[in-house]
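# Have a look; sequence and predicted model below, questions after that.
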Number of protein chains: 2
Amino acid sequence: MTQANSKIETLRWRDNKLEMIDQRILPERFEYVTFDSAAAVAEGIRDMVVRGAPAIGCASAYGIALEARRLERLPEKDFESALEKSFTELMHSRPTAVNLFWALQRMRQAWSTVKHQSHAVIAQKLLNEAKAIQAEDLRVNRAIGKHGAALIKNNARILTYCNAGALATAGHGTALGVIRSAVEAGNKVSVFTGETRPFLQGARLTAWELVQENIPVTLITDNMAGHLMSRGEIDVVVVGTDRVAANGDVANKIGTYMLAVLAQRHHIPFYVACPLSSIDLGVANGPAIPIEERSASEVSGFRHTQWAAEGVKVRNPAFDVTPAELVTGLITEKGVVLSPNREKLKKLFEK
Amino acid sequence: MTQANSKIETLRWRDNKLEMIDQRILPERFEYVTFDSAAAVAEGIRDMVVRGAPAIGCASAYGIALEARRLERLPEKDFESALEKSFTELMHSRPTAVNLFWALQRMRQAWSTVKHQSHAVIAQKLLNEAKAIQAEDLRVNRAIGKHGAALIKNNARILTYCNAGALATAGHGTALGVIRSAVEAGNKVSVFTGETRPFLQGARLTAWELVQENIPVTLITDNMAGHLMSRGEIDVVVVGTDRVAANGDVANKIGTYMLAVLAQRHHIPFYVACPLSSIDLGVANGPAIPIEERSASEVSGFRHTQWAAEGVKVRNPAFDVTPAELVTGLITEKGVVLSPNREKLKKLFEK
C-alpha cells in the first residue's frame, strides 16, 4: 500500500524546478510537466494540469519559490514588485478553493521574516516553506485518514466523487485518504465513484488511483447515485472540499450538493474530508463563496471531441454549495466535527 | 414552427421499407437508416438507432408490418410461426419502456381480426395498424402539448432531461411537445437540458431539436441541476417517461429521480409528460418495473473515445424510478393528473 501511495507524487521538486503530473491526460498517459516560473504554474493551475484544493495550494507555494529563485539577481525594488505580481497572478488563477489563498498567505508570511536579507536567502526561505507546506499536507491527510477510517464499517460501500485523492493533494488524499486508511486498518470496502462531468476526475483520476491499489472501485455516471441509494447499495458518502465557510457550508465539485440531498433522503451519512486549510472563517456562508464558471467547450464535449448540438448555450459552474445542515460531519486533521456550525468551526482554530 | 416540426420525421414509410433517423450519430450527421425486417428493427432498437418510449413503440409496430410483408409467400403455418418469432424478438429488444409491449399488443390484436384471410390482406392490415399507431402518437403528443402548455407560465425557465422530443416519438414530442405548444401559444420560455450521460440525448438530441426551432436552450451537465435550482434559476421541470406503474411511480432515463428529489426540496413543480400508452396498470409499483442494464463501454467513454481508467468496474442502469409522491402531475392526452395515484390512474382508463 505504502509503495503504491509513494508512486503517486503529484508534485515533486527536481533540479530546482517543479514537476507536476499532467492530470489532463491521465489515465491514458502518465507524464510530468516541468515548471520554472510563477506564471507557468498559474497557467498550469488554470488549465488543470494540477487540480484539487490542497494540491493547488502546494503548487502556488512552489510557484512563488520558483519565481524568487528566477528573480534573484534583480535589484531589490524590481525583485519585490515582480514577486508581488506573481502573488497576484497565482491568487487569481482559480477563485473557489481557499487553500490557494491560504498557501500564498503562508508564503507571504515566510517572506516577511527575511524581507531584508539577500535575495538568495529569501529564495531559499520560500523554497523551504513550499516544501514544508507540501510535507505538512501529507501529514494532515494521514491524520484525516486515521480519524475518517474510524467512521468506515467493514464491508462498507462508499460513494465518493470527483477526485479528493493523492492527485488532489501532496499524497494519500483527503476523501481517498479516508478510504486508504480504512483499507490499511484491515477493513474491506468497495467504492463507487461518480464520473464527475465535465472534467471526469472520477472516471479518470479516482478510478485510476484505486485500481492501482487494488481497492474495488465501480464507475457510475453522476446521475446514477440516486438510483443506487434508493436500492440500498450505498452505505456512506465521503467527498472532499474546496472551501468550507464559517457556518459549515461546503463548496465542492459541481454535483456534490445533489449527492448530499439524496444522502439525506436515504438516511446515508455524508462526510466531508476537510483539512483546516480548506476552512475559511473569513467567509460567512456558502452563498458568499465565489463559484468559478469555466469554458463552454468542457461541457459541449470532452477534450477535442465535441458532441453537443451547435448553437446551444452552455453553463459551466465548476462548484456548488452544500449547506451545513446536510453534512453529517467534517473529517479534519484535528478529529471529526459532527453537524458542523459556526461555533464548532471557530473552536477548531482555538484548540 | 410547424415547418420545423415536420422536418423531424423520426420514422417514415418509404418504398415499402421503414426509414428511421440514426440517433446515434446526431447531431454531427443527419441520416436515415433503412429497415426491411423485424430482426433489423429489433437490432435498431437495441442499438438505439431509435430510442424514446413512444418511438420504439411505433418502430416495433412497423417491424411487424415489415416482417408480414417479407413472409407473405410462406405457407400459412410457417408464416404464423415466423411472425410469432418476430413478436418475441421485438418484445425482448428493450425491457423498460412499456410502449413497446403496448404497440405489439395492438399489432397482435389487428392480426387476430384478419387471421384467416390471405397473407397479403394480413400484411396490409398490419401496415395500416402501424401507420395508425404512428398517426395516433402524433395526435396524442399534440393533446399532451395543449394540456401541458397551460401549466407553463410566460418567461418560464424549464428544465428538461434526456430527449422526450420529436425524436422520441412520432413527432412534436411529449415533454418537448409541452414546450413547443407553450411557444406556439405565444409564451416566451427558456429551456435547460441536462446532457444525459451516458448516451447524451440531452446534449445531442434535445439541444439539436430546440436549436432548430430557435427555442432558447442551455446545456448543463447532469450534476448542475441542483446548483441552478438552489440559485432560483429553474421554475419548472418537465420530463418524459418510459413506463408509469399503476400507483403513479415513474420510470424514466437514469437521473430523473435525482431531479425529482431536488425539485421537491426547492418547491419546483415536477411534471411528467405521459401518453396513456406509457401507463402500465399491470405493474403495481416502480420497484416492479424491470430496469435495463446496458454495456460498460457506454459509461467508460463515449462512442470510440474511452477515458475511464482501465480495470475499473462499471454499472450502467439505463433508467430509474421516481416515486409518485415526487410527481406534481402527469400530463396525459386526457388532461393533467395532479398527484397521481392508483385510483386516479385507474379512472383515466375508464373515461
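Received it, and whenever you're ready, just let me know what you need. As the structure is a prediction and not an experimental result, all values here were calculated from the model.

# ok, the closest residue to chain B within the stretch 51-200 of chain A to A:Thr34 distance?
The minimum distance from the stretch 51-200 of chain A to chain B, using CB to the nearest CB, falls at A:Arg197 (4.0 Å). C-beta coordinates here come from the backbone N, C-alpha and C atoms, glycine included. Going from A:Arg197 to A:Thr34 by CB to CB, to the nearest Å gives 30 Å.

# Also A:Ala225?
In terms of CB to CB, A:Ala225 sits 38 Å off from A:Thr34.

# neighbour count winner among the two?
Applying other CB atoms under 10 Å in any protein chain shown to A:Ala225 and A:Thr34 shows that A:Ala225 carries more neighbours, namely 29 against 11.

# who touches the more buried one in this structure?
Residues counted as contacts of A:Ala225 (CB atoms under 8 Å, 6 or more residues apart in numbering or on different chains) are A:Leu159, A:Phe192, A:Gly194, A:Ile234, A:Met258, A:Leu259, A:Leu262, B:Met258.

# ChimeraX command to pick out the buried ones of the residues you listed?
The buried residues among those can be selected in ChimeraX (16 or more other CB atoms under 10 Å in any protein chain shown) with this line:
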select /A:159,192,194,234,258,259,262 /B:258
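
# In strands only, show me the contacts of A:Ala225.
Secondary structure defined by DSSP state E assigns A:Leu159, A:Phe192, A:Gly194 of the contacts of A:Ala225 to strands.

# right, and the second one touches A:Pro216 too?
No - using CB atoms under 8 Å, A:Phe192 and A:Pro216 do not qualify as a contacting pair, with a distance of 9.8 Å.

# Do a quick rundown of the strands in the stretch 1-150 of chain A.
For the stretch 1-150 of chain A, strands defined by DSSP state E, counting those that start in this stretch occupy the ranges A:11-14, A:17-21, A:32-35.

# among these, which is nearest chain B?
Between the strands of the stretch 1-150 of chain A, strand A:17-21 lies closest to chain B; by CB to the nearest CB that is 13.9 Å.

# The closest one pairs with which strands?
strand A:11-14 (antiparallel), strand A:32-35 (antiparallel) (DSSP bridges).

# now it: how far from the chain's centre is it?
Offset of strand A:17-21 from its chain centre (CA atoms, centre = their mean, to the nearest Å): 17 Å.

# which residues are in contact with it?
When contacts are defined by CB under 8 Å, 6+ apart, strand A:17-21 is touched by residues A:8-13, A:30-36, A:41, A:44, A:49-50, A:59, A:62-63, A:66, A:167.

# mind listing what's buried in it?
Of the residues in strand A:17-21, A:Leu18, A:Glu19, A:Met20, A:Ile21 count as buried by neighbour count, 16+ other CB under 10 Å.

# got those as a markdown table, with pLDDT columns?
Listed next are the buried residues of strand A:17-21 as a markdown table, based on pLDDT from 0 to 100:
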| residue | pLDDT |
| --- | --- |
| A:Leu18 | 98 |
| A:Glu19 | 98 |
| A:Met20 | 98 |
| A:Ile21 | 98 |
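
# what's around the closest residue to chain B within the stretch 101-250 of chain A, how many residues?
Chain B sits closest to A:Asn223 of the stretch 101-250 of chain A, with a gap of 2.7 Å, by CB to the nearest CB. Per other CB under 10 Å, the neighbour tally for A:Asn223 reads 31.

# ok, it to A:Arg231 distance?
15 Å.

# Next, the contact list for A:Asp320, please.
By CB under 8 Å, 6+ apart, the neighbours of A:Asp320 are A:251-258, A:291, B:224, B:226-227, B:230.

# Next, check those against the helices and list the overlap.
A:Thr256, A:Tyr257, A:Met258, B:Gly226, B:His227, B:Ser230 (DSSP state H).

# Tell me who's in contact with the last one.
B:Ser230 is in contact with A:Tyr257, A:Asp320, A:Val321, B:His266, counting by CB under 8 Å, 6+ apart.

# which one of those sits closest to B:Asp242?
B:His266 (24.9 Å; CB to CB).

# Quick check on that closest one: phi, psi?
phi -100, psi 10 (degrees, to the nearest 10).

# From what I see, it and B:Leu228 are in contact.
No - here B:His266 lies out of contact with B:Leu228, judged by CB under 8 Å, at a distance of 9.6 Å.

# Touching both of those two, which residues are there?
Joint contacts of B:His266 and B:Leu228 (CB under 8 Å, 6+ apart) are B:Ile234.

# neighbour count winner among these two?
For B:His266 versus B:Leu228, neighbours defined as other CB under 10 Å are more numerous around B:Leu228 (20 against 17).

# what's the closest non-adjacent residue to that one?
Of all residues not flanking B:Leu228 in the chain, B:Ile234 sits nearest, at 5.3 Å (CB to CB, 6 or more residues apart in numbering or on different chains).

# what does A:Gly240 give?
The nearest residue in space to A:Gly240 (CB to CB, 6+ apart) is A:Ala164, at 2.7 Å.

# what residues are up against the residue in the stretch 1-150 of chain A that chain B sits nearest to?
Closest contact between the stretch 1-150 of chain A and chain B, by CB to the nearest CB, is at A:Pro27 (4.3 Å). Neighbouring residues of A:Pro27 by CB under 8 Å, 6+ apart: A:Arg204, A:Leu205, A:Ala207, A:Trp208, B:Trp307, B:Ala308, B:Ala309, B:Glu310.

# ditto for A:Ala38
A:Gly63, A:Ile64, A:Leu66, A:Glu67, A:Ser86, A:Glu89, A:Leu90.

# A:Ala120 now?
By CB under 8 Å, 6+ apart, the neighbours of A:Ala120 are A:Glu72.

# Quick check: it vs A:Lys313, distance?
Taking CB to CB, one finds A:Ala120 at 53 Å from A:Lys313.

# And for A:Pro290?
Using CB to CB, we find A:Pro290 at a distance of 22 Å from A:Lys313.

# and what of A:Gln109?
The value you get for A:Gln109 to A:Lys313, if CB to CB is used, is 44 Å.

# This completes my enquiry, with thanks.
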